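K.L.:
Have a look; sequence and predicted model below, questions after that.
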Amino acid sequence: MTYRSSSDTKPSKDLCQSRLGLIRRFYRQQLVLSKQVKTNVYFGYHADFGEVVIKFADTETEKILLQRETKFLHRCPSSSWPKWRDYQSLSGTDCLILEKLPGDPLKITESLATQPLQWLHNVEHTLVSLHQQGMIHGDIKPSNIIVDCTGKGKLIDFGATQVIGSAPKAPIAKSRFFYDTQTRHITAAKQDWQALAITVATSLNIDPFQSLPLVQAKQTRMTPNTKGIPSKYALLLKQALC
C-alpha cells in the first residue's frame, strides 16, 4: 500500500538491525526473520506456525492500518485470506505476524500462461464473501493478489478495509486502481470490482487508462482501452468513468 511513504526506498542497515534485535529480544528463538521483501515486510519462520509474514509499523498512520488489518483478520477468519498469528508493540514499533500464503504476487507474466485468468475465479468468490460481511478490501491491485502453483489467487493486505455504506475512514489506500475520498464519499462494493477490473487488464498487459489514476481518467473523459478484456470487466471499466 502506498501509505508506506518509504516503501520504495532502501532501508538503512541500522533499521534492519533494530528490527532483528526487537524480534530476538521478544520472541527469542521462537521466531526468525529470513528475508526482507519490502521496507516494512519480512518473511520468517515461527516455531509454532511455520512460515510467516512479519509486518512492522513505525509511524502513527502505519500503526492504524496495521491495527485495522489485525482486527479484520482476527474477527473474520477465512481460508480465503491469511490467518492472523500475533500482534505486539515492541519498543514503539508495532509488529503483525501472519500466515505466509504459498505463491507469488500476480504479475503481467501471468498473461503468458495457458489459462491467463485462472487466478481470477477464486478472487471473485473472495470478494463476494468479503462484501457479504459488509466490508470492502479497499486496495485491490496485482501486488495484493498471491497466485499459487495451481493458479489459484488469494487476497492479502487488509489494512485498507472499509465498511460498505459508510464514509471512508482515514487513512485509505492511494493507488491508481482505486478512488480516493475526494471522489467517492460513501464506500461501495463496486469500488473493489472496478479495481479488480483494472487488475485484470493489467495482468493481460493491457493499460485501460494510459497509466492514469481513476480520478484523472474520469476527469479527461477518455475512452478506456478494453480490447481483449472479458466483457463484464470491460463494462466495469467504462462505468468507472461515468
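P.N.:
Cool, the structure landed.

K.L.:
lowest confidence element among the helices and strands of the protein?
P.N.:
Least confident helix or strand of the chain, by mean pLDDT, DSSP states H and E, is helix 13-27 with a mean of 78.

K.L.:
Using CSV, write out every CA atom in it.
P.N.:
This file holds the C-alpha atoms of helix 13-27, laid out as CSV (Å, rounded to 0.1, in the frame of the first residue of the first chain):
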residue,chain,number,x,y,z
LYS,A,13,21.2,-1.1,7.9
ASP,A,14,20.5,0.3,11.4
LEU,A,15,16.8,0.0,10.9
CYS,A,16,17.1,-3.7,9.8
GLN,A,17,19.4,-4.5,12.7
SER,A,18,17.0,-2.7,15.1
ARG,A,19,14.1,-4.9,13.9
LEU,A,20,16.1,-8.0,14.1
GLY,A,21,17.0,-7.0,17.7
LEU,A,22,13.4,-6.5,18.6
ILE,A,23,12.4,-9.9,17.3
ARG,A,24,15.3,-11.6,19.1
ARG,A,25,14.5,-9.9,22.4
PHE,A,26,10.8,-10.6,22.4
TYR,A,27,10.5,-13.9,20.6
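
K.L.:
Mind listing what's buried along that helix?
P.N.:
15, 18, 19, 22, 23, 27 (16 or more other Cβ atoms under 10 Å). For the C-beta atoms, the positions are set from N, CA and C on the backbone; glycine is no exception.

K.L.:
Got the phi and psi for the nearest residue in space to residue 61 that is not next to it in sequence?
P.N.:
Computed as Cβ to Cβ, 6 or more residues apart in numbering, the closest residue to residue 61 that is not its neighbour in sequence is residue 171, at 5.1 Å. Per-residue torsions, residue 171: phi -80, psi 160 (degrees, to the nearest 10).
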